[in-house]
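**Student:** Sharing a sequence plus its predicted fold:
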Amino acid sequence: MARMKFICDAERCIECNSCVTACKNEHEVPWGVNRRRVVTINDGILNAEKSISVACMHCSDAPCMAVCPVDCFYRTDDGVVLHDKDVCIGCGYCSYACPFGAPQFPSEGTFGVRGKMDKCTFCAGGPEKNGSEEEFEKYGRNRLAEGKLPLCAEMCSTKALLGGDGDVIADILRNRVIKRGTGGDVFGWGTAYGKPQAPANGTPAAPSTPQGTAPGAPAGGGQPS
């Protein structure tokens, strides 16, 4: 199976927030929860500002999984990091551990009374039956089970946000960088997916497939350049 990942090409992101809107609408995400957001890197620095779309990066060595005291997190065969809301106790440990601020909580106040954690699911649903009403109510639509990519990536007008097989989307970005000769920095890639040896030209290396994970991609596993 493929390792599903996100990459955001900062050279293409125009901060339109269509990815944020698509996620909200597709999954009927409650008010106050933002599974995806657009942030500015190097804010205020002349000629250095970059905008990137950020959500759960579905890390290969996910810190949220390591700190959860009730083990509510699990990883799918596609490499997507999901969690079981029926097991989550809302302690907030994952929120402190995540370098991307992915874990969200529906209510204000102290942890433990803020409700069950919510985050990006890579449009892969949850532990309930695929496509069931219960799954949608808790986690939103399961597009991966339908052979589709996450809607945030599909709706990106400039194709800055790429989602799919990590090897495929890394190749797409690498080819872009080679063609334009700039923009090889991928914010968050090394943190989320480890740091394989970089190619000589400085473009981002594709993540290596973990031991025991078969290569390959489902229908719609990558995106056009």
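**Tutor:** Good, I have the coordinates. Residues are numbered from 1 along each chain as shown.
**Student:** got the buried residues for the lengthiest helix in the chain?
**Tutor:** In the chain, assigned by DSSP state H, the helix with the most residues is helix 166-180. Of the residues in helix 166-180, those buried by neighbour count under the rule 16 or more other C-beta atoms under 10 Å are 166-174, 176-177. Where you see a C-beta, it was placed from the backbone N, CA and C, and this is true even at glycine.
**Student:** can I get the residues you listed in CSV with pLDDT and distance to residue 151?
**Tutor:** Formatted as CSV, the entries for the buried residues of helix 166-180 read as follows, by pLDDT from 0 to 100; distance: C-beta to C-beta, whole Å:
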residue, pLDDT, distance to residue 151
166, 90, 19
167, 91, 22
168, 93, 18
169, 92, 16
170, 90, 21
171, 92, 22
172, 93, 18
173, 90, 20
174, 90, 25
176, 91, 22
177, 89, 26
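**Student:** of all those residues, which comes closest to residue 153?
**Tutor:** If you rank the buried residues of helix 166-180 by distance to residue 153 using C-beta to C-beta, residue 169 comes first, at 8.8 Å.
**Student:** I'd say the closest one and residue 5 touch.
**Tutor:** Yes. The criterion here is C-beta atoms under 8 Å, and residue 169 meets it with residue 5 at 6.4 Å.
**Student:** Now the common contact residues for these two.
**Tutor:** When C-beta atoms under 8 Å, 6 or more residues apart in numbering defines a contact, the residues bordering residue 169 and residue 5 alike are residue 163.
**Student:** need the buried residues of helix 166-180 in CSV with distance to residue 26, can you?
**Tutor:** CSV is the format used below for these (distance: C-beta to C-beta, whole Å):
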residue, distance to residue 26
166, 22
167, 26
168, 22
169, 20
170, 25
171, 27
172, 23
173, 24
174, 29
176, 26
177, 30
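**Student:** where does the chain have low pLDDT?
**Tutor:** Confidence mapping of the chain against pLDDT under 70 gives the ranges 1-2, 182-225.
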